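Colleague: Here's my sequence, what's the structure:
(one chain, ligands or ions: 2)
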Amino acid sequence: MDIVTAQEMYEWDRAALDAAGIEGKMLMESAGRAVADDMVRHIRKQDKVIVLIGSGNNGGDGFVIARTLLNRGYDIEAWQVVPDEKITGDARVHKEIFMASGFSVRPYSSLEKLMQSFQRADIIIDAMLGIGVKGRLRNPIAEIVEAANGLSVFRMAVDLPSGLPADEGIVDFDAFHADYTTVIAAPKMSAFLQHTRPYYGDYRIVEIGLPTRKLPPVNRGLWRKEDVRRTLPVRGKNSHKGSHGKGVMVGGSLLMPGSIAMAGRAALRSGVGLLTIATVERAISSISPYLQEATFVDMEEKEGALTGQATDQLSGYDGVAIGMGMGRTRGAKRLLEAIVQGVDAPMLIDADGLYHLKEILDVVKERQSPTVLTPHPGEFAHLTGLSIRDVLQSPFSCSREFAAKYGVYLVLKGPSTIITSPDGKQRVDVSGNAGLAKGGSGDVLSGILFAMMLQTDSLMDALGNGCVIHGCTAESLTEEKHSKTDLLASDVIEGLSRTFRTISSASR
Ligand SMILES: NC(=O)C1=CN([C@@H]2O[C@H](COP(=O)(O)OP(=O)(O)OC[C@H]3O[C@@H](n4cnc5c(N)ncnc54)[C@H](OP(=O)(O)O)[C@@H]3O)[C@@H](O)[C@H]2O)[C@@H](O)CC1
Ligand SMILES: [K+]
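Modeller: Ligands and ions are numbered 1, 2, ... in the order given. Now for the predicted structure:
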């Protein structure tokens, strides 16, 4: 499922006409009907519904939706919130069909008049503005949105809430605050940003008859359970432990043994063939009870933390994961640098590893094997020198620029996790819930991702699958036996069994 910018959506619109001969008014009919079909799931026959119609094509959709619902016997009042001369093109065609069908539209004259209708309404459908919004809302839409947001009605939006930008990077806006949005054809970028996501409420995407094979490709998409089912590697009948990857995890320290223990256990539960933990000798006895299946390498230590420059003990592995619980000492940084430079294998860097990485990004850039970085926004801000605010406002472009500049795969974690390849492909995972907003979740995710990297040919598939498996495990645990409050990262590790058993027959 592609995720689009406003511009990409307009290009699709054009391709529908140029490549397949689908005219705008046909597309509008089909979009409006698809939205109406979706919205009726939330509308009862006794509900009083107001449809607010604006000047552009979003308003045109509004005329189709209002007509469709009126034809089906719903109690609809259609309000045109702009002067009649503003209704042009395809929207004009659909206004005429609406009128010729025997329906009438109420012209907006003052907020007081509209408020009288609002007071009697159960549901407001916002078809005032879609992806064509420019700048802050102007009146009368601004005052209508403010009034609607203050009412205790069910607010539904067509395509996206009026006033909300479709793209990232825009913070200066007011918008309709929807409880539910029916998104047309493809989710817009703003459905995945912390500052704009809440305006959508719940949302669903409807198909409107665009010619999918003729649309210009978009390098950005949602990665979901069905994608995991499609791409999770089959465990061959004749496979042996060497077929599922031989990985080494470097990290842990005397006072922080838990992170690497959790990451290691998550990797084992995610099917890695052979796992070695490289850590300080004095931490091994506390880590090993959780990782009976792993082997251990004791590394040079200084005051309980990893140090030195030894990389020879780490050769011969199919992959390296480094950083969890390794601490922020100078010694740990030296070791990280030596490994990033000297170990030629796919490498995942997380947690304290990311902290140290800022000063050696040029070394990362020179690596021949793939490098995966898994920061949360705070760690990413530290790495890039941007503010967390900048990162959250424009995570797609910040990720893409960074991944291209340093040749890395980036997993920018959050409620919408954005995975970016060095060549700019992006996948978004929205699975999981607030139960994961706790210490240890990142370690568990790293363990799963690492195991997936070692078992999957395509690194992008591995990273997408790892994120979805992690998030879906938290979802099923909070549905069945935990609350979001008590869920622990270690519960997620044990919950992986069920996820692997149910997500795909390939992994059983
Ligand atoms: N494949 C597709 O693309 C399909 C798209 N479809 C639908 O079309 C929608 C996009 O339609 P669109 O391009 O006409 O833009 P839209 O959001 O209706 O707004 C334009 C109007 O808004 C006005 N306006 C702008 N800023 C404003 C502000 N700050 N405050 C107040 N007013 C403001 C501006 O007025 P003006 O500046 O000209 O006075 C202009 O008239 C899309 O979201 C989807 O619903 C489907 O029908 C079928 C397939
Ligand atoms: K809208």
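Colleague: contacts and neighbour counts: CA atoms only from here.
Modeller: OK.
Colleague: and the stretch 1-150 of the chain, which of its residues are near ligand 2?
Modeller: For the stretch 1-150 of the chain, the residues in contact with ligand 2 (Cα under 5 Å from the ion) are 126-127, 129-130.
Colleague: Just the closest of these to ligand 1, please.
Modeller: The closest of those to ligand 1 turns out to be residue 130 (Cα to the nearest ligand atom; 3.0 Å).
Colleague: and the helix or strand harbouring residue 205, which residues are buried?
Modeller: Taking DSSP states H and E as the criterion, residue 205 maps to strand 202-206. If you call a residue buried by 16 or more other Cα atoms under 10 Å, then strand 202-206 has these buried ones: 203-206.
Colleague: Next, format those as CSV and append pLDDT.
Modeller: CSV is the format used below for the buried residues of strand 202-206 (pLDDT from 0 to 100):
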residue, pLDDT
203, 97
204, 98
205, 98
206, 98
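Colleague: circling back: with respect to residue 399, which of the residues of the stretch 1-150 of the chain next to ligand 2 is nearest?
Modeller: Closest to residue 399 out of those is residue 130 (26.3 Å), distances taken as Cα to Cα.
Colleague: Quick one: distance of stretch 266-273 to the chain centre.
Modeller: Stretch 266-273 has its C-alpha centroid displaced from the chain centroid by 24 Å (Cα atoms, centre = their mean, to the nearest Å).
Colleague: repeat for stretch 113-123
Modeller: Centre to centre, stretch against its chain (Cα atoms, centre = their mean), the figure for stretch 113-123 is 36 Å.
Colleague: now what about it, what contacts it?
Modeller: Outside stretch 113-123, the residues within contact range by Cα atoms under 8 Å, 6 or more residues apart in numbering are 43, 47-50, 108, 124, 147-148, 151, 153-156.
Colleague: ok, back up a step: which one (most neighbours) among the residues of the stretch 1-150 of the chain next to ligand 2?
Modeller: Counting neighbours by other Cα atoms under 10 Å, residue 127 comes out on top of those with 31 neighbours.
Colleague: filter the residues of the stretch 1-150 of the chain next to ligand 2 by proximity to ligand 1?
Modeller: By Cα under 6 Å from any ligand atom, the members of these lying near ligand 1 are 129-130.
Colleague: I'd like to know which of the residues of the stretch 1-150 of the chain next to ligand 2 are part of strands.
Modeller: In strands, defined here by DSSP state E, the members of those are 126-127.
Colleague: Reformat the residues of the stretch 1-150 of the chain next to ligand 2 as a markdown table; add pLDDT.
Modeller: A markdown table is the format used below for these (pLDDT from 0 to 100):
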| residue | pLDDT |
| --- | --- |
| 126 | 98 |
| 127 | 98 |
| 129 | 98 |
| 130 | 98 |
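Colleague: Farthest pair within the residues of the stretch 1-150 of the chain next to ligand 2?
Modeller: Maximum pairwise distance among these (Cα to Cα): 9.4 Å, between 126 and 130.
Colleague: joint contacts of the two?
Modeller: 158, 161-162.
Colleague: For the residue of the stretch 351-500 of the chain found nearest ligand 1, give me its contacts.
Modeller: Residue nearest to ligand 1 within the stretch 351-500 of the chain (Cα to the nearest ligand atom): residue 393, separated by 19.5 Å. When the contact criterion is Cα under 8 Å, 6+ apart, the partners of residue 393 are 168-171, 193-195.
Colleague: Quick one, grab the pLDDT at the residue of the stretch 251-400 of the chain found nearest ligand 2.
Modeller: Across the stretch 251-400 of the chain, the shortest distance to ligand 2 (Cα to the ion) belongs to residue 393, at 21.4 Å. pLDDT for residue 393: 97.
Colleague: ok, the most centrally placed residue in the chain - contacts?
Modeller: What sits nearest the mean C-alpha location of the chain, by Cα atoms, centre = their mean, is residue 416, with 3.0 Å. Residue 416 is in contact with 192-193, 428-431, counting by Cα under 8 Å, 6+ apart.
Colleague: filter these by proximity to ligand 2?
Modeller: Counting by Cα under 5 Å from the ion, nothing from those sits close to ligand 2.
Colleague: before we move on, back to that, from the shared contacts of residue 126 and residue 130, which are also near ligand 2?
Modeller: 158, 161-162.
Colleague: which one among those residues gets closest to ligand 1?
Modeller: residue 158 (6.2 Å).
Colleague: In contact with that closest one, which residues?
Modeller: 35, 58, 61-62, 125-127, 130, 181-184.
Colleague: JSON lines for those residues, including distance to residue 382?
Modeller: Shown next, in JSON lines, are the contacts of residue 158 (distance: Cα to Cα, whole Å):
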{"residue": "35", "distance to residue 382": "42"}
{"residue": "58", "distance to residue 382": "40"}
{"residue": "61", "distance to residue 382": "44"}
{"residue": "62", "distance to residue 382": "45"}
{"residue": "125", "distance to residue 382": "42"}
{"residue": "126", "distance to residue 382": "40"}
{"residue": "127", "distance to residue 382": "41"}
{"residue": "130", "distance to residue 382": "35"}
{"residue": "181", "distance to residue 382": "35"}
{"residue": "182", "distance to residue 382": "37"}
{"residue": "183", "distance to residue 382": "35"}
{"residue": "184", "distance to residue 382": "37"}
